[in-house]
Every structure is written in C-alpha cells, then in structure tokens.
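Participant: dropping a prediction and its sequence here:
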Amino acid sequence: MSILLHRAQREQLGDLRYENTEKRVRAVAAGETIADSTHALLVWEPRRVVPAYAVPDADLRAELVPVDTEPAADGAFLHPGIPFARHSTPGTSYTLRTPSGRELTAAAFRSDDPALAGHLLLDFEAFDTWYEEDVALVGHPRDPYHRVDARRSSRHVRVELDGQVLAETDRPTLVFETNNPVRYYLPREDVKVELAPSDTHTICAYKGVASYWSVGDQQDLVWGYEEPLEEGRELAGLVAFYDDRVKVTVEQR
C-alpha cells in the first residue's frame with residue numbers, strides 16, 4: 001500500500017483525534033441494526049491512518065462483554081489492514097452480543113480518554129453494512145479531509161514493460177488522491193495488450209470495488225473500477241497500471 005504522508009499528517013498520527021459528524025450513522029449485522037446514531041464521532045486512534053466510528057452508549061443495541069485488549073502492531077502507522085482489535089490507546093475491548101444472540105468478537109472499544117467518555121468505537125469490518133444517512137459505505141469510514149480529484153487531461157502517457165508498449169494515450173484521467181501518488185487512468189481502447197481478468201478485488205472507501213487484470217506473466221498489473229462510487233464516476237471504463245512495475249512516461253504536448 002502506497003501512502004504518502006505530509007509532515008503535519010505524520011505529526012498528527014501520534015495523537016488520539018476525534019471530531020463530530022452530523023450524519024446519521026447506522027451499523028447492521030445479520031439484518032439487525034446494532035447502532036443508529038445522529039451523534040456519532042469519527043475517531044483516529046494514535047497511528048491509525050483511517051478513522052473509526054464511535055457512537056454514544058444509548059445508540060447501541062447490544063450487550064457489552066469485556067474481553068482482553070490486544071496491543072497495536074509495531075510500525076510508524078497503522079494502515080487499514082491492521083485489525084481493529086489492535087488498539088494503540090488505553091481502553092477496554094468488548095464483544096457485542098446482539099439482541100438475537102449473535103456475538104461480534106472484540107467489535108467495540110471504549111477509550112480511557114475522558115473526551116470520549118460515553119462513546120464506543122466500533123469495528124467497521126464486524127458489521128455487514130454501514131450507512132451514512134441512506135448511502136451504504138464500503139471499506140472503512142470516510143475521512144472528511146480525504147479528497148479524490150479525477151482530472152481529464154491531454155498529456156501524452158505511455159506505459160512500457162521491458163521495451164514493449166502496453167498502452168499509449170493522449171486522453172488520460174489523472175487521479176490526485178490524498179496520501180497517494182498520482183495515478184494515470186487510461187481508456188481500455190488505448191491498451192495495446194490483452195488484459196486477462198483476475199479473481200482479485202480490493203475495496204476503496206472513496207472509489208469502490210476494484211477489479212484486476214494480468215498481462216502475460218505479470219499478475220494483477222492493471223486495475224480499474226467498473227462500477228465506481230459517485231466520487232469516482234469519471235473512472236468508469238478506465239484502467240491504471242502499477243507505476244512501480246512498469247515504465248510510465250508522461251509528456252506535455
């Protein structure tokens with residue numbers, strides 16, 4: 001995962017941060033609405049790159065069963081692949097026992113910080129569906145300071161691998177996304193090699209579910225969003241190559 005953090009962001013990562021959201025937030029598991037709140041918080045634990053939702057106790061419909069809290073993994077930052085159960089601030093973990101008796105293991109956490117008193121952080125992955133108002137979310141809660149700017153361009157982009165031109169276009173779409181390097185998305189028609197569909201899929205909270213393609217023996221070299229979320233709608237029908245595995249030449253003509 002390529003994450004580019006500016007100095008101010010790196011300094012903030014060491015702090016427990018939170019802010020209010022006025023959106024109605026709901027968490028659903030096996031058809032049961034376990035949390036429903038218009039007073040949720042977005043909380044960034046120290047070293048966590050993405051936030052978690054915290055809801056007031058009164059807005060949670062589950063029994064709390066205390067469990068051991070795991071320490072956070074080592075590293076400069078905790079990316080979304082680090083499980084929620086690995087906490088980087090003092091507090092107590094809980095398993096949630098739903099009204100139907102289903103147990104969501106270590107899916108809640110109460111921070112010892114007084115500013116978060118009366119709130120429980122919830123594990124996004126523990127629930128089947130999350131909503132902001134009536135819009136379903138994917139991946140993780142959205143950071144209000146995260147931007148994805150897709151810009152159509154007339155720059156000339158050529159993609160090569162071992163001297164072979166894989167794609168070439170004068171109509172790329174450049175994606176400028178917070179904490180990520182610029183990506184060059186190209187029309188499928190401007191790809192000069194066969195793309196073999198892969199079984200791999202990944203999720204971006206802002207762009208949607210990504211599909212992958214292989215080129216020859218290069219597995220999952222290419223990705224794209226066939227049905228992007230609203231914020232990534234301009235990427236429909238476009239594909240991008242992993243810049244660190246191919247040679248990308250960008251020219252202004």
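Facilitator: Structure received.
Participant: pLDDT score for the residue lying closest to Ser100 once chain neighbours are set aside?
Facilitator: Closest residue in space to Ser100, ignoring its immediate chain neighbours: Glu32 at 6.0 Å, by Cβ to Cβ, 6 or more residues apart in numbering. For the C-beta atoms, the positions are set from N, CA and C on the backbone; glycine is no exception. As predicted, Glu32 sits at a pLDDT of 97.
Participant: quick one: residues contacting Glu32.
Facilitator: Arg61, Thr98, Pro99, Ser100, Arg102 (Cβ atoms under 8 Å, 6 or more residues apart in numbering).
Participant: can you pull the pLDDT of the last one?
Facilitator: The score at Arg102 is 96. That number is its pLDDT.
Participant: roughly how far does the closest residue to it other than its chain neighbours sit from Pro46?
Facilitator: Among residues not flanking Arg102 along the chain, Ala30 sits closest, at 5.8 Å (Cβ to Cβ, 6+ apart). As defined by Cβ to Cβ, to the nearest Å, Ala30 lies at a distance of 32 Å from Pro46.
Participant: run through this structure and note the low-pLDDT ranges.
Facilitator: 1-12 (pLDDT under 70).
Participant: go again using 80 as the cut-off
Facilitator: For the chain, the stretches with pLDDT under 80 are 1-14, 72-76, 253.
Participant: re the thing from before, for the residue nearest to Arg102, give its distance to Glu133.
Facilitator: Taking Cβ to Cβ, one finds Ala30 at 22 Å from Glu133.
Participant: on that earlier part again, now the residue nearest to Arg102, what are its backbone angles?
Facilitator: Taking degrees, to the nearest 10, you get phi 50, psi 40 for the backbone angles of Ala30.
Participant: so what's the residue count around Trp213?
Facilitator: 22 (other Cβ atoms under 10 Å).
Participant: leaving out chain neighbours, which residue sits closest to it?
Facilitator: Nearest one to Trp213, counting by Cβ to Cβ, 6+ apart, is Leu195 at 3.8 Å.
Participant: distance of the one you found from Val239?
Facilitator: Separation of Leu195 from Val239 (Cβ to Cβ) stands at 7 Å.
Participant: which of these two has more residues huddled nearby?
Facilitator: Val239 (24 against 17).
Participant: give the contact list for the more buried one.
Facilitator: Tyr185, Leu186, Arg188, Val191, Leu195, Trp213, Val222, Trp223, Gly224.
Participant: 7 Å instead?
Facilitator: Tyr185, Leu186, Arg188, Val191, Val222, Trp223, Gly224 (Cβ atoms under 7 Å, 6 or more residues apart in numbering).
Participant: now flag whichever of these is closest to Glu251.
Facilitator: Leu186 (14.2 Å; Cβ to Cβ).
Participant: count of neighbours near the closest one?
Facilitator: Counted with other Cβ under 10 Å, Leu186 comes out at 23.
Participant: could you say which helix or strand holds it?
Facilitator: For Leu186, the host element (DSSP states H and E) is strand 183-187.
Participant: ok, that strand: who's next to it in the sheet?
Facilitator: When pairing is defined by DSSP bridges, strand 183-187 lines up against strand 173-177 (antiparallel), strand 238-241 (antiparallel).
Participant: so which of the ones you listed is the most packed in?
Facilitator: Highest mean neighbour count of the strands paired with strand 183-187: strand 238-241, a mean of 24 (counted as mean count of other Cβ atoms under 10 Å).
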